[in-house]
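Enquirer: sequence below, structure please.
(2 chains)
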Amino acid sequence: GENVEQHPSTLSVQEGDSAVIKCTYSDSASNYFPWYKQELGKGPQLIIDIRSNVGEKKDQRIAVTLNKTAKHFSLHITETQPEDSAVYFCAASHEGFKTIFGAGTRLFVKA
Amino acid sequence: EPEVTQTPSHQVTQMGQEVILRCVPISNHLYFYWYRQILGQKVEFLVSFYNNEISEKSEIFDDQFSVERPDGSNFTLKIRSTKLEDSAMYFCASSADRAETQYFGPGTRLLVL
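Expert: Numbering: from 1, shown residues only, chains lettered A, B, ... in the order given. This is a model prediction of the structure:
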């Protein structure tokens, strides 16, 4: 069945450094790729998303890139801050159908 | 800012009992979803609901599960006869349209003993 692989499972960075999380998807029909941030005891919150008709999208310190040929997409967080510490999930779907989540990356930003 | 709400926040039940998890989606949204997250694992899609019927469901969503929109605001997930492996965090989400942003609620932590 469809699958989304996410790496790394844990990422520790120094405050101010960049963090990169990578995902690959298996279903070539996927065309919508959201990224969620989950803080302890809360539900996932969308931080950025990208659709298959663009290769890159940026929102302040957060950017996402998509390589449709390789079925890769990545999250880039620059100038990390302690409040960026959370679990990040990538996801993939076709037109919002049956969103498949990655396993999550636990990001630690050390002050 | 509008948000998805869920009740209860925690539910403890005995194996074999029925549970109903409740959600109030964002008021102008048309698509509703249930997900579950077993402790320490990924978020898994269960079901989506539109126009008063299930639009799609995963393999997890078997005959023990059902969803309902009993009135204009609530969206419920019922588990008929709970099993130990149903213990998880259950998230409700809603979106204005199918391919639009899904907004998640805070979740209900279900523990089956």
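Enquirer: all strands of the chain, in order?
Expert: If you meant another chain, say so; for now it's chain A. Secondary structure of chain A (DSSP state E): strands located at A:4-7, A:10-14, A:19-25, A:32-38, A:45-51, A:56-59, A:62-67, A:72-77, A:86-94, A:97-101, A:105-110.
Enquirer: my question was about chain B
Expert: Going by DSSP E, chain B shows strands at B:5-7, B:10-13, B:19-24, B:31-37, B:43-50, B:53-57, B:65-68, B:75-79, B:88-95, B:103-104, B:108-112.
Enquirer: now render these as CSV, adding mean pLDDT and distance to chain A.
Expert: (Each C-beta comes from the backbone N, C-alpha and C, glycine too.) CSV is the format used below for the strands of chain B (pLDDT from 0 to 100; distance: least, Cβ to the nearest Cβ, whole Å):
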stretch, mean pLDDT, distance to chain A
strand B:5-7, 96, 8
strand B:10-13, 97, 11
strand B:19-24, 97, 11
strand B:31-37, 95, 7
strand B:43-50, 94, 4
strand B:53-57, 93, 6
strand B:65-68, 96, 15
strand B:75-79, 97, 14
strand B:88-95, 96, 5
strand B:103-104, 92, 4
strand B:108-112, 97, 9
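Enquirer: residue B:77 is in contact with residue B:67, correct?
Expert: Yes: Residue B:67 lies in contact with residue B:77 (Cβ atoms under 8 Å); the separation is 5.5 Å.
Enquirer: more neighbours: those two, which one.
Expert: residue B:77 (25 against 22; other Cβ atoms under 10 Å in any protein chain shown).
Enquirer: who's in contact with the more buried one?
Expert: B:20-21, B:23, B:34, B:46-47, B:65-67, B:90, B:92 (Cβ atoms under 8 Å, 6 or more residues apart in numbering or on different chains).
Enquirer: by neighbours, which of these wins?
Expert: Busiest of the contacts of residue B:77 [other Cβ under 10 Å] is residue B:92, holding 29 neighbours.
Enquirer: thanks again, I'm all set now.
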